[in-house]
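> build me a structure from this.
(chains A and B)
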Amino acid sequence: MLKKPDLNETYNNLVKYKEQGKSVIGIIPHSIVPDELIFASNSIPLHFCLGGTEDQMNLGDTYVNQTTCGFQRVNLGIFEAREGISYQIYNLIDFVIAGTYCAGVQNTGMYLENYFEKEQYRLIIPYCNNPNPFNYFLKELSRLKKFLEKKNNITITKERLKESIRFYNILKALYQEMDKYRQNDHPRVSLYEIQNLIYHLYLNGPDSNLEEATKFVELLRTEVLPEKKGVRVFLSGNGVLFEDDLIPIIENCKCIIAGDDISTGFEFYSTLVQSDSTDPLLALAERYLRQNLSGRMIPETNRLEKITEICKKRKIKGIINNCLKFCDSYSCTSDIFKEEMYKEGIPVLNLERDYSQSFIGQLKTRIEAFLEILRE
Amino acid sequence: MSTNPILDFTMQSIIDIGVRYINGLKIAQSSRKKGKKIIAGFMPPMELCFSSDQIMPIWLPRFTEFPSGMIRGITVANKLRNLVPTIKLLNRVQNFIPKNPLSREGIDFTGFVKPFSGLNQLTEDSNYDRDSCIQMRICYGAYLKYHEYFDLMMGGFDANNCLYFAKVYERIGRKKPLFYFQKPFGDQNTPHAVELVIRELEDFFQLLEKLTGESIDFNKVKENMKLVNDVKKIAELILNRYYKKGYVPIHWPASALLHGAFVDYLSDIKFFHEKLRLLIAEIEANIKKGIIRNYKQENIPRILFVGSPGFDPVVAQIIGNQGGTLLYLDIFPNELRNQLIDLSGDFILKYADYLLGKTNFRRGIEDSLDFWLLQAKLLDIDGIVFNDVWGCRFVAPSFKLFKDQVRQELGIPVIRVNFHEFSENLGQMTTRIEAFMELIK
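A predicted model of the protein is given here:
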């Protein structure tokens, strides 16, 4: 069983990286900011994925109101606490990438800048990916590249960026291999384990994660790990935070999460970036604006088609849609999602929630009831 | 009671604007019969739709059906020019006018919000996300009920600031043709933002040509945009320069009406332009006659209303009851009011410049906070009400920063009022605003 990364170790790793002259760049928007570009600028891309408790969420209310999603409230709550290992890690961040992913990301960036001295870079991300906004996004990536070059006093040459893409592709390929082991009829790896490895990546950067991922894949290749049994479900929607127990709760209900599209899971490794492109920025724009699985895009066609394809291929019986209350990407269109999947013959459980204890209590009951229907 | 909103409705221009506003559905039906294409929208700018005579733009809430007897009565009485004299008479004999329990004087304008509540209910009945803002619920209700009456939905623009808003367009786009206009943060000095907006404009005009079967005549477009510019100048005069001098020429009911009318210019730019010119003349005359009071000279507290769009009218009434008056700034029209469209040279280039001009967001909601702070300073106001509309993701969460900035820079009281449904939590709201007004007085 692959456990969650040790946060004290993460803290020490980041301090070491900083001593080596690397920047730590916080990423609030999920699925759209290319880690490859950040990494090529001699920086560690640190994804906001820590926390996930009611206390942190309530502390975040000092800044934003309760109609901001739990994820952003937790982010601000971790800073407002001004203590604890999560805060210490986030406090190592040199600046954050925020921008127009959604209003929550904008507001978090605004408060981190105004109250916690974390400079923000606003990446303007279009909602659509037809040619006009695509060309715009490509130039936004170029603007981000220039910003990173200036901040880190480095030139990101084409070759350097390609090298970073190739490195990430190797890493992603390892995750894809891991993923194959959970597509089997009786998988030998769980989403919980894959996600723990992804937390490690999102908090420590790709260098040390490559070692961890390689070790784990080696283990899967060589040793016969116990098979997992149960109803096969797909987990969709919001990424899951470090202290949120959603995934073990689901997996302990005698089911297998045989597929997912979450930012702390499959989304990271779903598609490789074209590494032989003559224009690596173009390849990144193509991957992150056109092939992301985020629910924020308009229309969501790519995501829905991909989910349907995975569900059919992996013999999925039903989808658990993790919707954080007030999350614009998932909660406001959860009824459409359910309708569309129903047309494909796949039942959906829309799990609208936040990190309150009261929701946690209900989670198990709702999931068990849904699984019971799927088993019939 | 420091204000009497009914006086605003003794101006013929306001009545004409109101009558056209409530006849939106009828006007759309008749335009359709004449072969026009109807383009619906949620927010400005809808002026691009005046690029063809074959297009009629309409702001979704203007489809709202007020009781037919009321519409007919008001429309006929106004045609006969009997409505304004009747209101003047009623205003003199105030006892005949139904009163809001919260108001010591004045007409119960809350009756006019009932049809909007009906649209809100439609949205809720359709299992639409309950955690959306009231503006969205009303617009979506109007879409559900009246989607057969329009040909194209024009979306995007400032919805690009708020993903929630943008996702509503996705929902609508599943059933109706949609043009989603991408307008990014930035300004005219951001070349790729300019390029994107130009491409979007080109695509939009192509779509209009396809829809109408006619080529766009840009000279004609510019003629209409001259009127649009004039309307913007007049709007600024009404809601800014008079405020600076201490006058509040129109109060919340008429102000809300005008703000709504600014979105689609009541589907007829010539009509709207003419009525606004008349409105200025009437305001000037009323100032001379002393009908419009100078609140600054009379030391009546002037409270600036900022925050999320869409508000509960009772806020203005409570403030009025407490001897103050509300200065209403609406985020969307305000953005448009402060800048004119340059009509020299290539229209598309100049209009792209306009869209990315000083009213466009550079940083995000902080730009609005700066604008409100500036307005508060320029208008020398006494306190600020921040409207926190339930479900608003873009504006409402900025209250903490705004409050701290106001305290630091202006040192005047600021209060947050929450708004979810019309006339909800009246008692609590009254107590809070009364306490706030005590601080000011």
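
> who's in contact with the helix or strand of chain A with the lowest mean pLDDT?
In chain A, the helix or strand scored least confidently by mean pLDDT, DSSP states H and E is helix A:357-375, which has a mean of 91. With C-beta atoms under 8 Å, 6 or more residues apart in numbering or on different chains as the test, helix A:357-375 has contacts from A:54, A:231, A:233, A:245-246, A:249-250, A:253-255, A:317-318, A:320, A:347, A:349, A:351, A:353. To be clear about C-beta, it is placed using only N, CA and C from the backbone, and glycine gets the same treatment.

> mind checking pLDDT for the closest residue in space to B:Ala193 that isn't next to it in sequence?
Of all residues not flanking B:Ala193 in the chain, B:Gly186 sits nearest, at 3.7 Å (C-beta to C-beta, 6 or more residues apart in numbering or on different chains). pLDDT recorded at B:Gly186 is 94.

> so who does B:Gly186 touch?
So B:Gly186 contacts A:Ile124, B:Ala193, B:Leu356, B:Asn360, B:Arg362 (C-beta under 8 Å, 6+ apart).

> and the least confident of those residues?
Lowest in pLDDT among those is B:Asn360, which has 90.

> make sure that residue is indeed in a helix.
No. In this structure, B:Asn360 is coil, not part of a helix, as judged by DSSP: H, G, I helix; E, B strand; the rest coil.

> what's the distance between the residue nearest to it when sequence neighbours are not counted and B:Ala352?
Leaving out its chain neighbours, the residue that sits closest to B:Asn360 by C-beta to C-beta, 6+ apart is B:Asp187, at 6.4 Å. Using C-beta to C-beta, to the nearest Å, B:Asp187 is found at 11 Å from B:Ala352.

> so for the two, which residue has more residues nearby?
Under the neighbour definition other C-beta atoms under 10 Å in any protein chain shown, B:Asp187 and B:Ala352 were set side by side, and B:Ala352 has more, 23 against 14.

> host element of the more buried one?
Element membership of B:Ala352 [criterion: DSSP states H and E] is helix B:347-355.

> before we move on, what about A:Asn350?
Following DSSP H and E, one finds A:Asn350 within strand A:348-353.

> can you list the buried residues in that strand?
A:Val348, A:Leu349, A:Asn350, A:Leu351, A:Glu352, A:Arg353 (16 or more other C-beta atoms under 10 Å in any protein chain shown).

> and the stretch 1-150 of chain A, which residues reach chain B?
A:62-65, A:67-68, A:100-104, A:106-107, A:109-111, A:114, A:122, A:124, A:126-128, A:131-133, A:135-136, A:139-140, A:143 (C-beta under 8 Å from any C-beta of the partner chain).

> write the ChimeraX selection for whichever of the residues you listed are buried.
Of the residues of the stretch 1-150 of chain A next to chain B, the buried ones can be selected in ChimeraX as follows, counting by 16+ other C-beta under 10 Å:
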select /A:63,64,65,67,68,100,101,102,103,104,106,107,109,110,111,114,122,124,126,127,128,132,133,135,136,139,140
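
> narrow the residues of the stretch 1-150 of chain A next to chain B to those in helices?
Counting by DSSP state H, the residues of the stretch 1-150 of chain A next to chain B place A:103-104, A:106-107, A:109-111, A:114, A:131-133, A:135-136, A:139-140, A:143 in helices.

> closest one of these to B:Pro397?
The closest of these to B:Pro397 turns out to be A:Asn107 (C-beta to C-beta; 4.5 Å).

> pull out the buried residues from the one helix or strand A:Lys215 maps to.
Using DSSP H and E, the element containing A:Lys215 is helix A:206-222. By neighbour count on 16+ other C-beta under 10 Å, the buried set for helix A:206-222 is A:Pro206, A:Ser208, A:Asn209, A:Leu210, A:Glu212, A:Ala213, A:Phe216, A:Val217, A:Leu220.

> just the residues you listed now: which is nearest B:Lys244?
Among these, and counting by C-beta to C-beta, the member closest to B:Lys244 is A:Pro206, at 57.4 Å.

> per-residue pLDDT, the closest one?
For A:Pro206, the model assigns a pLDDT of 98.

> what do you get for A:Cys49?
For A:Cys49, pLDDT reads 98.

> pull the contacting residues for the residue nearest the centre of chain A.
When C-alpha atoms, centre = their mean is applied to chain A, the residue found nearest the centroid is A:Ser263 (2.4 Å). When contacts are counted by C-beta under 8 Å, 6+ apart, A:Ser263 is found next to A:His30, A:Ser31, A:His47, A:Asn238, A:Gly239, A:Ser294.

> could you do A:Gln88 as well?
A:Gln88 neighbours (C-beta under 8 Å, 6+ apart): A:Tyr11.

> checking my notes, it in a strand, right?
No. Assessed with three-state DSSP, A:Gln88 is helix; it does not lie in a strand.

> how about the residues of the stretch 201-350 of chain A near chain B?
Checking the stretch 201-350 of chain A against chain B by C-beta under 8 Å from any C-beta, the hits are A:296, A:298-300, A:325-326, A:328-329, A:331-336.

> is chain A contacted by stretch B:383-397?
Yes. Stretch B:383-397 comes into contact with chain A (C-beta under 8 Å from any C-beta), by way of B:Asp388, B:Trp390, B:Gly391, B:Cys392, B:Arg393, B:Phe394, B:Ala396, B:Pro397.
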